[in-house]
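give me coordinates for this.
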Amino acid sequence: MYIDLQDHHLKRLIPVVEARLKVIKRKVIKDFGADWGDYDEQGLEIKINEKSDEYFRLKQVLKELKNA
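Numbering: from 1, shown residues only. A predicted model of the protein is given here:
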């Protein structure tokens, strides 16, 4: 589905998506991250992407919003 939004709408969505990403990241780390202590930030991103489809999709949406 395609929705045509104006720039000021897109700019308001960015912090909302970023906040949701933080919530998902904390939840995934809490649920699955007991043995992830030795991963750096990039390694954590890969593991979180593997465990949460929503996180992966929202990262793509955030990238598109920032490029718009």
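
any idea which helix is longest in this protein?
Criterion DSSP state H: the longest helix present in the chain is helix 7-32.

can you list the buried residues in the helix or strand following that one?
Remark: after helix 7-32, the chain's next helix or strand is helix 41-51, criterion DSSP states H and E. Within helix 41-51, the residues that count as buried by 16 or more other Cβ atoms under 10 Å are 47-48, 51. C-betas here are computed from N, CA, C, even on glycine.

go through these and name the one nearest residue 67.
Minimum distance to residue 67 across those is 21.8 Å, recorded for residue 48 (Cβ to Cβ).

if I pick the closest one, what's in contact with it?
24-25, 28-29, 55 (Cβ atoms under 8 Å, 6 or more residues apart in numbering).

just the buried ones from those residues, in ChimeraX syntax?
To isolate the buried members of those in ChimeraX, using 16+ other Cβ under 10 Å:
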select :24,25,28,55
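
and the pLDDT at residue 3?
pLDDT recorded at residue 3 is 65.

coming back round to it: so which of the contacts of residue 48 sits lowest on pLDDT?
Among these, residue 29 carries the weakest pLDDT, at 89.

correct me, but that one touches residue 41?
No: counting by Cβ atoms under 8 Å, residue 29 does not reach residue 41; the two are 11.8 Å apart.

between the buried residues of helix 41-51, which is nearest residue 9?
Once Cβ to Cβ is applied, the member of the buried residues of helix 41-51 that ends up nearest residue 9 is residue 48, at 27.5 Å.
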